[in-house]
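Colleague: What follows is a predicted protein model with its sequence.
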Amino acid sequence: SDLNKEPKRSLRVAMFNAPPIMVVEQDGTNAGFMVELLETMAEKEGWNIEWVNLNWPEVIPKTLNHELDLIPFIAYSEDRAQYLDYNEEGILTGWGQVYVHKDALVPQNIIALSGKKIAVIKNEVYGIKLKNLCDLFIIECDFVEFQTYKQALGAIESKEVAAAVTSNLVSYSHDNPYIKQTPIVFEPRKVLFATAKNTNADLLATIDRYTKLWRFDGSSPYYQLKDKYLKGIIAEESAFPAWLVYTLLIVIGLLFVAALVALLLKKQVKKQTQDLEDQSDKIRQIINLVPHMIFATNTNGKLILANRYAADFFGIPMSEIEGCSQKDLIDHHPNSKNIFEDESLLLRRDAHAIQKEIEIYNVDGSKVTLNISKVPFITRFSRTPSVVTVGVDITDSKEYERQIQHMAQHDSLTELPNRLLLNDRIHQSLALTKRYGHSGAVLFIDLDYFKTINDSLGHMAGDTLLQKVAERLQTIVREGDTVSRLGGDEFIVQLNQLSGDPKKAERVACKIAEKINFTLAQEYNVSGNKLFSTASIGIVIYPRDAENEEAIIQRADTAMYYAKSMGRNRYAVFKKAMEKAVVRKHVLEKELRKALAESRFIIRYQPQITQDGNKFIGAEALLRWSHPTEGIISPAEFIPIAEENHLIIPIGEWVLKQVCYQIKHWLEQHGYSPFITVNLSVVQIRNSDLVSYIKKLLDQTKIPPQLLELEVTETVLLHEARVSIDILNELKKLGVKLSIDDFGTGYSSLTYLKKLPLDKLKIDRSFVKDVPGDPDSETIIRTVIGMSLDMGLEVIAEGVETKEQLDYLIKEHCSLFQGFYFDPPISLEQLEEKYFANLHKSVTSNPKVVHLENYSKRTNKK
Ligand SMILES: Nc1nc2c(ncn2[C@@H]2O[C@@H]3COP(=O)(O)O[C@H]4[C@@H](O)[C@H](n5cnc6c(=O)[nH]c(N)nc65)O[C@@H]4COP(=O)(O)O[C@H]3[C@H]2O)c(=O)[nH]1
């Protein structure tokens with residue numbers, strides 16, 4: 001009656017179909033062992049039970065969500081005890097039971113379940129336990145989850161699965177004729193009531209109270225309901241069937257052993273994992289030391305391994321690079337795209353390794369060359385392929401290769417292409433001229449007197465000069481043209497894509513040659529020394545003049561020789577006839593030595609005449625080669641050859657000696673002598689013995705030194721500015737007179753001339769030729785004469801051929817003359833015969849040219 005006063009307690013209790021414990025009838029009413037047991041308690045306690053119909057998987061979640069107050073039928077597990085409270089007294093004991101189709105072979109243990117499809121109920125404890133057991137014994141099964149026992153057992157019937165696992169307390173097996181029990185049982189557990197943790201402790205205590213009470217009373221509702229529902233399922237409430245006990249014991253034993261094995265295995269696995277990690281650490285350290293790119297990607301393009309080079313290359317920290325995807329890498333470093341290009345090909349079944357060379361910029365912007373090898377690989381443990389990429393950084397070796405190639409094709413001193421590369425360029429250019437109807441040109445450039453510069457200033461200076469020449473040449477030509485050095489002082493300029501009309505092409509080539517002549521003739525500064533150099537140039541227009549590389553260079557060389565023989569510092573276009581000249585030159589070169597030995601040289605004298613009354617006061621000594629078969633050969637032809645092979649030194653000494661002894665002879669014979677002018681070659685001036693040789697001659701002959709006049713050309717002086725000033729000063733100290741020849745044809749400046757210890761200036765015949773009449777020549781002549789007088793120099797005009805020229809020059813205050821108008825170079829006998837009779841008279845009667853002995857003292861004060 002007390003109870004009746006209390007308001008009824010409402011309980012929401014989980015209801016799900018698990019006959020015969022929990023039975024949802026067809027008509028929707030509830031029955032079953034637990035249902036009636038709980039209702040009996042409820043009646044006594046005054047609870048109002050609201051059965052909530054659910055499928056098993058929903059039961060625990062809803063309880064935890066406080067939508068249910070009580071679960072009336074649930075197996076105990078440690079996991080569940082974390083979030084559920086259980087009552088203490090077990091009502092029933094359940095265990096996992098495996099069922100199979102009635103027609104199937106009965107599996108004797110869980111190993112026999114290997115590879116089978118097995119139905120389990122979602123969230124149901126026996127399903128979970130069976131999975132764990134299989135994992136423990138490494139038995140692979142395919143577990144299929146169902147919502148209800150009925151569905152799970154139904155799947156056996158339809159052969160959708162090979163077996164199903166449920167609680168032994170669930171009796172579908174008994175009335176389902178298609179399934180049968182197996183001896184596979186496991187995990188005996190108490191079946192209890194449960195509530196969400198810390199919610200209904202009093203409720204569970206009340207249930208325990210009833211349970212204890214009823215279990216010891218044979219006539220209690222507990223036993224009545226057991227009779228009603230569980231007869232045949234469990235014979236004895238407390239005792240397992242004997243077979244079950246044994247099986248369980250075996251299973252428990254097995255589990256124990258398995259646990260032990262698992263523990264050992266775990267230890268071993270741990271150790272091996274540690275070893276593996278150590279190993280992999282080592283490998284990582286090693287590959288990080290490799291100065292090349294190493295990485296591996298899996299099928300999805302994710303990096304599973306990468307070394308430091310790779311990380312640096314992509315600009316991603318070492319710690320972050322593994323796990324990056326190809327896309328991440330490309331996003332980070334867009335240039336790297338082509339590293340991954342063929343990756344997909346490699347993942348195909350029949351893929352082979354790929355190798356390619358790529359040039360690529362790394363993140364810091366420097367260009368590298370990588371030799372990329374990609375190898376597909378499949379590990380023992382994974383069936384999906386990966387790709388290992390090794391990028392060997394061949395930037396350095398490529399650079400060496402390039403350098404070696406460069407060295408093979410370039411001159412080390414000037415860095416210009418060498419003959420090898422030049423031949424190749426000409427070859428290509430020839431092919432193009434043929435295809436497009438162009439012309440090309442080769443300019444063979446040889447420096448004048450380079451050998452003497454080298455000998456007198458040393459190789460270092462020579463090398464510097466060559467480098468400067470190379471620089472200047474490069475400024476003259478267009479891009480696409482080639483400047484190359486053949487060696488020594490020989491350069492070649494090759495011009496491409498000139499007009500198809502060879503005449504026009506020739507004009508362009510000549511223009512460039514002119515420019516080269518001009519540019520190379522400008523002053524050089526070589527380690528503090530001012531230096532002048534000129535060049536002789538031979539031009540070939542191809543394919544007109546020659547049609548292969550060798551002939552082109554050969555003929556350009558011939559034209560260059562021709563230019564040289566024409567007086568240097570000029571160019572010449574190849575003509576067939578030049579080949580003859582070159583051959584002749586080679587012949588002369590050989591015979592020149594013999595000529596010296598056989599005394600085949602003779603000297604002619606060309607008189608120099610004063611302005612006032614044609615008085616003879618001196619003569620220029622001009623050399624001739626009396627050739628046994630060719631007769632007299634001009635010095636213009638053989639002197640350049642003699643200069644080249646330095647035969648000019650003994651030849652020049654011979655001339656000096658002849659002249660000095662001739663003067664001595666005249667002085668002895670007549671008591672007087674004209675002064676004699678001797679030409680000096682630049683090669684002689686650079687020869688350090690020149691001064692001592694002349695000094696020795698003067699000592700030997702005891703002639704007044706002022707009767708010897710030395711003549712150097714303006715260009716010679718320019719070539720060797722420093723050296724020649726020194727030598728001229730020394731010569732001057734000896735007392736000889738110095739004269740400058742061909743004045744006006746070089747590039748010398750007045751200031752430069754002032755530094756020279758000169759006595760006389762000779763106006764070049766090229767100007768004399770055009771006066772009177774040509775205003776340019778007239779201006780030059782007037783300037784030169786005016787300048788000479790200002791500087792206190794004598795002035796002589798050479799090449800005077802006519803009366804008009806003479807009159808004009810006299811009018812312009814020129815004081816001395818030489819030329820065909822008076823006489824050509826004549827023999828000694830002719831000179832003596834024609835001029836010596838008057839010599840004495842003229843010398844004495846002309847106040848300006850009084851005593852020959854004192855000639856050098858006389859300065860033109862006018
Ligand atoms: N058209 C024309 N020409 C005239 C006239 N008067 C003289 N000549 C020529 O002009 C040249 C003058 O000598 P150069 O200018 O010193 O030029 C000389 C000189 O540079 C060089 N040479 C001659 N002998 C020697 C020598 O012993 N040593 C050196 N180093 N060079 C020499 O050879 C060059 C040529 O000598 P050559 O053939 O003898 O030629 C001579 C002479 O024959 C004229 O009225 N009209």
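Modeller: Yep, that arrived.
Colleague: wouldn't P19 be in contact with G32 here?
Modeller: Yes: look at P19 against G32 with CB atoms under 8 Å: they come within range, at 6.4 Å. All C-beta spots, glycine's among them, are computed from the backbone N, C-alpha and C.
Colleague: Looking at those two, which is more packed in?
Modeller: Neighbour count, other CB atoms under 10 Å: between P19 and G32, G32 has more, with 24 against 20.
Colleague: That one reaches V23, doesn't it?
Modeller: Yes: here G32 reaches V23: they are 3.9 Å apart, a contact under CB under 8 Å.
Colleague: Report the buried residues of stretch 640-648.
Modeller: Residues P640, I641, A642, E643, E644, H646, L647, I648 are the ones in stretch 640-648 that count as buried (16 or more other CB atoms under 10 Å).
Colleague: And the fourth one, how far from S688?
Modeller: It stands for E643. Applying CB to CB, to the nearest Å, the value for E643 to S688 is 17 Å.
Colleague: cool, the second one as well?
Modeller: For I641, the distance to S688 under the criterion CB to CB works out to 23 Å.
Colleague: Any residues of this structure in contact with the ligand? List them.
Modeller: Contact residues (CB under 6 Å from any ligand atom) of the chain with the ligand: 606, 622-623, 634-636, 639, 652, 655, 679-681, 741, 765, 798-801, 819-820, 825.
Colleague: Show me those that map onto strands.
Modeller: Here DSSP state E is the test, and the residues of the chain next to the ligand give Q606, L622, L623, N679, D741 as lying in strands.
Colleague: For those, work out which two are farthest apart.
Modeller: Distances among those were taken as CB to CB; the most separated pair is L623 and D741, at 14.3 Å.
Colleague: and the residues of the chain next to the ligand, which are buried?
Modeller: 606, 622-623, 635, 639, 652, 655, 679-681, 741, 765, 798-800, 819, 825.
Colleague: on that earlier part again, looking at pLDDT only, which of the buried residues of stretch 640-648 scores worst?
Modeller: For those, the weakest pLDDT value sits at E644, with 82.
Colleague: show me the contacts for it.
Modeller: Applying CB atoms under 8 Å, 6 or more residues apart in numbering, we find E644 in contact with K451, E589.
Colleague: repeat for the one 10 residues further on
Modeller: Under the criterion of CB under 8 Å, 6+ apart, the contact list for W654 reads L596, F601.
Colleague: and P221, how far is that from the ligand?
Modeller: According to CB to the nearest ligand atom, to the nearest Å, P221 and the ligand sit 151 Å apart.
Colleague: Make sure N198 is indeed in a strand.
Modeller: No: N198 is assigned coil when assessed by DSSP: H, G, I helix; E, B strand; the rest coil, not a strand.
Colleague: What pLDDT does the model give it?
Modeller: 89.
Colleague: roughly how far apart are it and I763?
Modeller: Using CB to CB, we find N198 at a distance of 132 Å from I763.
Colleague: lowest confidence element among the helices and strands of the protein?
Modeller: Least confident helix or strand of the chain, by mean pLDDT, DSSP states H and E, is helix 2-5 with a mean of 51.
Colleague: Now the helix or strand just after that one: buried residues?
Modeller: Next in sequence after helix 2-5, counting helices and strands by DSSP states H and E, comes strand 9-15. For strand 9-15, burial by neighbour count (16+ other CB under 10 Å) applies to L11, R12, V13, A14, M15.
Colleague: Next secondary structure after strand 9-15?
Modeller: Next along the chain after strand 9-15, taking DSSP H and E as the criterion, comes strand 23-24.
Colleague: and stretch 758-771, which residues are buried?
Modeller: Neighbour counts over stretch 758-771 (16+ other CB under 10 Å) mark L758, D759, K760, L761, K762, I763, D764, R765, F767, V768, D770, V771 as buried.
Colleague: Now do the SS call for the fourth one.
Modeller: Assigned state for L761: strand (three-state reduction, three-state DSSP).
Colleague: Report the separation between it and L753.
Modeller: Counting by CB to CB, the gap from L761 to L753 is 8 Å.
Colleague: Between these two, which contacts overlap?
Modeller: Common contacts of L761 and L753, defined by CB under 8 Å, 6+ apart, comprise I740.
Colleague: quick one: low-confidence parts of the stretch 701-850 of the chain?
Modeller: By pLDDT under 70, the weakly predicted segments of the stretch 701-850 of the chain are 715-723, 744-752, 838-850.
Colleague: Stretch 492-508 - what's its average pLDDT?
Modeller: Per-residue scores along stretch 492-508 average to 95.
Colleague: what's the first-to-last distance across it?
Modeller: Counting by CA to CA, to the nearest Å, you get 16 Å between the two ends of stretch 492-508.
Colleague: And the residue of the stretch 201-350 of the chain closest to the ligand?
Modeller: P291 (66.5 Å; CB to the nearest ligand atom).
Colleague: Can you give me the neighbour number for that residue?
Modeller: Quick note: P291 (other CB under 10 Å) scores 11 neighbours.
Colleague: I'd guessed it sits against Y309; true?
Modeller: Yes: contact criterion CB under 8 Å: P291 and Y309 qualify, at 6.3 Å.
Colleague: Report the set of residues contacting both of those two.
Modeller: D393.
Colleague: Can you name the residues that contact L213?
Modeller: L213 is in contact with S220, counting by CB under 8 Å, 6+ apart.
Colleague: Give the other helices and strands that whichever strand or helix holds A431 contacts.
Modeller: Secondary-structure element containing A431, defined by DSSP H and E: helix 419-436. When contacts are defined as 3 or more CB pairs under 8 Å, 6 or more residues apart in numbering; DSSP states H and E, helix 419-436 packs onto helix 395-409, strand 439-447, strand 482-487, strand 490-498, strand 535-542, helix 549-565.
Colleague: Specify the angle between the second one and helix 419-436 in degrees.
Modeller: With axes from the mean of the first three to the mean of the last three CA atoms, to 10 degrees as the basis, strand 439-447 and helix 419-436 are set at 150 degrees to each other.
Colleague: Partner strands of strand 439-447 and their direction?
Modeller: When pairing is defined by DSSP bridges, strand 439-447 lines up against strand 490-498 (antiparallel), strand 535-542 (antiparallel).
Colleague: Quick check: buried residues in it?
Modeller: S439, G440, A441, V442, L443, F444, I445, D446, L447.
Colleague: Going by distance to D103, which of the buried residues of stretch 640-648 wins?
Modeller: The closest of the buried residues of stretch 640-648, once distances to D103 are taken by CB to CB, is E644, at 118.2 Å.
Colleague: Give me the distance between that closest one and the ligand.
Modeller: Computed as CB to the nearest ligand atom, the E644 to the ligand distance reads 13 Å.
Colleague: again with I445
Modeller: Distance of I445 to the ligand, computed by CB to the nearest ligand atom: 24 Å.
Colleague: pLDDT score for that residue?
Modeller: pLDDT, I445: 97.
Colleague: what's the answer for L416, then?
Modeller: 95.
Colleague: so it touches H410, yeah?
Modeller: Yes: L416 is within contact range of H410, at 6.5 Å (criterion: CB under 8 Å).
Colleague: Compare these two and say which is more crowded by neighbours.
Modeller: L416 (23 against 18).
Colleague: What residues does the more buried one make contact with?
Modeller: Counted by CB under 8 Å, 6+ apart, L416 has contacts H410, A470, Q474, V483, S484, R485, F491.
Colleague: I'd like to know which of these are buried.
Modeller: The neighbour-count criterion (16+ other CB under 10 Å) marks H410, A470, V483, S484, R485, F491 among the contacts of L416 as buried.
Colleague: between the residues you listed, which is nearest the ligand?
Modeller: F491 (26.8 Å).
Colleague: who's the closest residue to that closest one other than its chain neighbours bridged to?
Modeller: Among residues not flanking F491 along the chain, I445 sits closest, at 4.3 Å (CB to CB, 6 or more residues apart in numbering). Taking DSSP bridges as the rule, I445 bridges to F491, I537.
Colleague: what's the spacing between I445 and I633?
Modeller: For I445, the distance to I633 - CB to CB - is 28 Å.
Colleague: Which strands or helices does the helix of greatest length in the chain pack on?
Modeller: Ordering each helix of the chain by length in residues (DSSP state H) puts helix 242-289 first. Helix 242-289 sits against helix 125-136, strand 179-196, with contacts defined as 3+ CB pairs under 8 Å, 6+ apart.
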